[in-house]
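In: for reference, the sequence and a predicted model appear below.
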Amino acid sequence: MRDEGVKWALLLPAVGWILTFTVYPLVFSLLLSFQNWNLTSPPTWAGLANYVRAVQDPRTHNALRVTGLFVGATVAAELLLGFALALLFHRPMRGIRLLRAVVVAPLFTSPIALAFLGMMLFHEEDGPIAHLVRAVGAGKVHWLSDPTTALGSVVLLDIWQWTPFAFLVFLAGLAGVPQEPIEAAIVDGAGRWALFRHVLLPLLTPVIVTALLFKLIYSVKVFDLAFGLTGGGPGISTEVLALYIHRQGLEFFNLGYASSLSYIFLVLVSLTCIGLVLRVRHLYERL
Amino acid sequence: MKVVRWGVLGMVLLSVVGVAFAAARPFAGRTVTLGVFAGGTRGAISGPFYYFRSAWEQRTGAKLNIVEIPFDQLPTKIKTDLITRAGRFDGFVPCATIYGDLVTNNWIVPVDPWIRDPRFPRWDPNDMGPPIRQLYRWGGRQYGANYDADAWVLYGRRDLLNDPKEKAAFRAKYGYELRLPQTIKELLDVSEFFNNRDWNGDGRADFGIVLPLKVSAQGFFFYLAFAAPYVVVPGPTVDEYHNVFFFNPRTMEPLINSPGHVKALEDYIRLTKNGPRAQLGWDLVESWDPFLKGNAALTYSPGDIGSLAKNPDRSRIKGKLTAGPMPASTEYYDRRTGRWVQRLNRVGNLLGCSWHGLISSLSRNKETIYHLFAYMAERSRLFQITTFGWGGVDPGKIYDFPPEVSNGQGTGSIQAYLQQGFDRQDALDWLRAYWQNYYQMDAWQEYLRIPGAPEMINSLDLHISQALVGRETPKQALDAVAREWTEIVNKLGREKLRRAYQESIGYGRPAPRYRPR
């Protein structure tokens, strides 16, 4: 009985932490999403009005579309590039540790600092990329002033920063691949492509899906890059959902509406992630 | 006996000195915290507070704690402090766009009772130009002590505009004399004339005009300054049809999609095409550089260009700068008659932040923080700050203007500017532009500072940006803004906002210094 008491006493700080900083904000913001509150006057009950507004709001539609495009482009590019780099660096060669460190370095850059760096890199008149493009005789690229290329610029910066994450995960995955099936396939006369396609890829699938899951969660939350580099513009062409929620909640103090948007966001992300987690579990069970 | 007498006399003297010393340091032991725009220790707005901190501390005995807050976090930090009643700040120096929230929620206190109180440094609200004086007030009460006076004025290259070859070519092409544009038509022509050709001989095409049009920055100010003369109808009083720009003050119906605004946005889009496309992604400071480096013929902006032009680290145009008030329109839309009026309309503006100190109603040291603001507002000190060139405080007080730029009315001297490194003609042109903006226009565009203003401005900002990149037509963009503004008005309470708007613009009162022609 005393042991039980000690056990619960030791758990208490963690339980308190979770209740205070996870459960309470979740419940509070859920209630808030059914209210109108701008902090200056008492909250009023709004029923489903905030959710109806979110469904009808063209800026929400735009933010979802922009977020979807951003997530699709960055996740696909980063996983492919990360995988290619991992294959390249998963072999003994001179200076491999230094090379790996260099590849991983962008991961440690603060996204907001990266956004400001991006402003200089993509400066259309005097940026280093503009000078390079001019030097090879090509025309101007409107990195930040054209709605399409502006989103492309945000995507490029994210790829530069987050490809090393996929690289690290895949490198660890490659290091953990058992050698027996590979050696057996080589003995059976499998070529490089067949070895990759039929042996290595199935063995790495759980790692790939895990990397996909984590990157998806990171990408969908993107805020700093769009905020710092383009401010969501030109127009609303790079206004991702997190940026729009930030504006509604912390710039305009529409806390009820911001909460309803956050919940829509949470549900969409959760459904996607649950699907992926189930897939990962299934894959690991098969191994 | 003699010893006792001297002893008593000594004690009396010590007491008198002690009392005098205490009176000279009236806030000894107090500490005040100021929330201010993060310009650094030698930068805009916050810099002068650091510069004079120790002198003020010695004079009052109080301690000044300066908290720098980045521009985009400033309204949130201040409002959160007030809403949660944390009371961390005794006073703050915010962008005036949040005035509406601060006043209507009683979060700041008026300073009228202290202005003539001999315990505090003397400053005079009437030193400010008439429209700026109105900006520091609300509902007939004074809330701010004199500090900054922001407005947008037009800058040009004096050498280029006076070049005989350029003048001849311009006359041949447009049929009239080249000069710093005084009308919108001239602005469009001159910017077009100088755009996309290498007039400075550096081997690269130069620009007619440069503007910062990045969304979620300060780009919206540039549309507002441009649109003012199309929309504001001068008149003797502030009423439903005269001296208003944003809303009909009687009904709170948005005017933002009125014919005047639509025509203004159409012409504004034409103007922005006379500069680099890259400016659609430029912030304020990025847009200054091409002009200061000598790659642009024109720009319009707040006062910073005038003071930066003298700095060799930033500028290659010292001695080549000229300036004037924002160009007039040759027509404006009269809503009362529903017709366009073909007449020159010169409308001044109060755009920017016009940073100035406000006192938190939660402060326990209201008199101490007021003393700080009054100390900074003292005539000699504030004039010195204005002439620094790095303090971010723009000219707007009667003593900022030398007589030669102000029809003899200004009480300032050009010498102080020259001592700070200004070129004489640059400074005179710059100061004259500000003088004309504050004292000589037909009317002034009011400053939107009602509750909900940040959300309204954001809506305007992004729809203008959508129109600039061609994703919405000017009419579609402004109709969308009007719709969104109406939603905000309904959400926050039409009656509450109507009252706030009327108080903020001085509805029903005489317009500032109306000068009928």
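Out: Nice, thanks for sending it over.
In: for chain B, what lies in contact range of chain A?
Out: Counting by C-beta under 8 Å from any C-beta of the partner chain, chain B comes close to chain A at B:75-76, B:79, B:83, B:101, B:105, B:213-217, B:276-281, B:286, B:290, B:451-452, B:454-455, B:458, B:462-463, B:465-466, B:468-469, B:471-472, B:491-492. Where C-beta positions appear, they are placed from N, C-alpha and C, glycine not excepted.
In: change it to 7 Å
Out: B:76, B:83, B:105, B:214-217, B:276-278, B:280-281, B:454-455, B:458, B:462, B:465-466, B:468-469, B:471 (C-beta under 7 Å from any C-beta of the partner chain).
In: what's the first helix or strand after the lowest-mean-pLDDT helix or strand in chain B?
Out: Using mean pLDDT, DSSP states H and E, the weakest-scoring helix or strand in chain B turns out to be helix B:2-24, at a mean of 58. Counting by DSSP states H and E, the next helix or strand C-terminal to helix B:2-24 is strand B:31-37.
In: near chain B, which residues of the stretch 51-200 of chain A show up?
Out: For the stretch 51-200 of chain A, the residues in contact with chain B (C-beta under 7 Å from any C-beta) are A:124-125, A:142, A:144-145, A:147.
In: extract the CA atoms of stretch A:78-95 and return them as CSV.
Out: Extracted C-alpha coordinates of stretch A:78-95, given in CSV (Å, rounded to 0.1, in the frame of the first residue of the first chain):
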residue,chain,number,x,y,z
GLU,A,78,13.0,16.2,-48.8
LEU,A,79,12.3,12.4,-48.5
LEU,A,80,13.7,11.8,-52.0
LEU,A,81,16.7,14.0,-51.5
GLY,A,82,17.3,12.7,-48.0
PHE,A,83,17.1,9.1,-49.2
ALA,A,84,19.5,9.8,-52.1
LEU,A,85,22.0,11.5,-49.8
ALA,A,86,21.8,8.7,-47.3
LEU,A,87,22.5,6.1,-50.0
LEU,A,88,25.5,8.3,-51.2
PHE,A,89,27.0,8.7,-47.7
HIS,A,90,26.3,5.2,-46.4
ARG,A,91,29.6,3.9,-47.6
PRO,A,92,33.1,4.1,-46.3
MET,A,93,35.0,7.0,-47.7
ARG,A,94,37.6,9.5,-46.6
GLY,A,95,36.2,12.4,-44.6
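In: on that earlier part again, now the buried members of the residues of chain B next to chain A.
Out: B:76, B:105, B:214-217, B:276-278, B:280-281, B:454-455, B:458, B:462, B:465-466, B:468-469, B:471 (16 or more other C-beta atoms under 10 Å in any protein chain shown).
In: nearest spatial neighbour of the residue of the stretch 1-150 of chain B found nearest chain A, chain-adjacent residues omitted?
Out: At 4.5 Å from chain A, residue B:83 is the closest residue in the stretch 1-150 of chain B, using C-beta to the nearest C-beta. Leaving aside its sequence neighbours, residue B:83 sits nearest to residue A:39 (C-beta to C-beta, 6 or more residues apart in numbering or on different chains; 4.5 Å).
In: doesn't that neighbour fall inside a helix?
Out: No. Read with DSSP: H, G, I helix; E, B strand; the rest coil, residue A:39 is coil and lies in no helix.
In: that one: what's it in contact with?
Out: A:253, A:255, B:83 (C-beta atoms under 7 Å, 6 or more residues apart in numbering or on different chains).
In: tell me how far it lies from residue A:252.
Out: According to C-beta to C-beta, to the nearest Å, residue A:39 stands 11 Å off from residue A:252.
In: equivalent analysis for residue B:41, please.
Out: 32 Å.
In: who has more neighbours, these two?
Out: Between residue B:41 and residue A:252, residue A:252 has the larger neighbour count (other C-beta atoms under 10 Å in any protein chain shown), namely 18 against 12.
In: looking at that one now. What's its pLDDT?
Out: In this model, residue A:252 is scored at 88, pLDDT.
In: which residue sits closest to it, ignoring its sequence neighbours?
Out: If the residues on either side of it in the chain are set aside, residue A:252 comes closest to residue B:455, at 4.2 Å by C-beta to C-beta, 6+ apart.
In: for chain B, what spans make up the strands?
Out: Secondary structure of chain B, counting by DSSP state E: strands at B:31-37, B:63-69, B:91-93, B:137-138, B:141-142, B:153-157, B:207-210, B:296-301, B:321-325, B:332-334, B:339-341, B:347-348, B:358-359, B:443-444.
In: what is the burial count for residue B:409?
Out: By other C-beta under 10 Å, 11 other residues sit near residue B:409.
In: and residue A:209, by the same measure?
Out: Residue A:209 has 18 nearby residues by other C-beta under 10 Å.
In: need the contact partners of the host helix or strand of it.
Out: Assigned by DSSP H and E, residue A:209 belongs to helix A:201-220. Contact with helix A:201-220 is made by A:67, A:70-71, A:74-75, A:78-79, A:162, A:165-166, A:169-170, A:173, A:177, A:181, A:269, A:272-273, A:276-277, A:279-280, A:283-284, A:287, as judged by C-beta under 7 Å, 6+ apart.
In: closest to the centroid, which residue in the chain?
Out: With no chain named, the answer covers chain A. residue A:219 (1.8 Å; C-alpha atoms, centre = their mean).
In: actually, chain B is the one I wanted.
Out: Short answer for chain B (C-alpha atoms, centre = their mean): residue B:150, at 1.7 Å.
In: which residue, other than its chain neighbours, is closest to it?
Out: Distance criterion C-beta to C-beta, 6+ apart; nearest residue to residue B:150, sequence neighbours excluded, is residue B:352 at 2.6 Å.
In: correct me, but the one you found touches residue B:304?
Out: No. Counting by C-beta atoms under 7 Å, residue B:352 stays clear of residue B:304, with 9.6 Å between them.
In: more crowded one of the two?
Out: Each of residue B:352 and residue B:304 has its neighbours counted (other C-beta under 10 Å); residue B:352 has more, 24 against 20.
In: gap between that one and chain A?
Out: Here the distance between residue B:352 and chain A works out to 19 Å (C-beta to the nearest C-beta, to the nearest Å).
In: which residues in the stretch 301-450 of chain B form helices?
Out: Using DSSP state H, counting those that start in this stretch, the helices of the stretch 301-450 of chain B run over B:304-308, B:366-377, B:379-388, B:414-419, B:424-439.
In: give me the pLDDT for residue A:190.
Out: As predicted, residue A:190 sits at a pLDDT of 84.
In: from chain B, how far out is residue A:201?
Out: Taking C-beta to the nearest C-beta, one finds residue A:201 at 41 Å from chain B.
In: any idea how many residues pack against that residue?
Out: For residue A:201, the count of nearby residues is 12 (other C-beta under 10 Å).
In: same question for residue B:24.
Out: The tally of other residues near residue B:24 (other C-beta under 10 Å) stands at 12.
In: hang on, the earlier thing: contacts only, for the residue nearest to the centre of chain B.
Out: B:302, B:351-354, B:394.
In: 10 Å instead?
Out: With contact taken as C-beta atoms under 10 Å, 6 or more residues apart in numbering or on different chains, residue B:150 is in contact with B:95-96, B:132, B:135, B:221, B:302-304, B:349-355, B:392-394, B:396, B:447.
In: please name the nearest non-neighbouring residue to residue B:71.
Out: residue B:37 (6.2 Å).
In: what sits against the one you found?
Out: Residue B:37 neighbours (C-beta under 10 Å, 6+ apart): B:43-47, B:68-71, B:74, B:92-95, B:148, B:353, B:355, B:392.
In: filter these to the buried ones?
Out: Neighbour-count burial (16+ other C-beta under 10 Å) applied to these gives B:43-47, B:68-69, B:74, B:92-95, B:148, B:353, B:355, B:392.
In: gap between stretch B:441-457 and the chain center?
Out: Stretch B:441-457 has its C-alpha centroid displaced from the chain centroid by 12 Å (C-alpha atoms, centre = their mean, to the nearest Å).
In: so for that stretch, what's the average pLDDT?
Out: Throughout stretch B:441-457, pLDDT has a mean value of 92.
In: stretch B:157-177 now?
Out: Averaging pLDDT along stretch B:157-177 gives 98.
In: do stretch B:373-393 as well
Out: Here the average pLDDT along stretch B:373-393 is 95.
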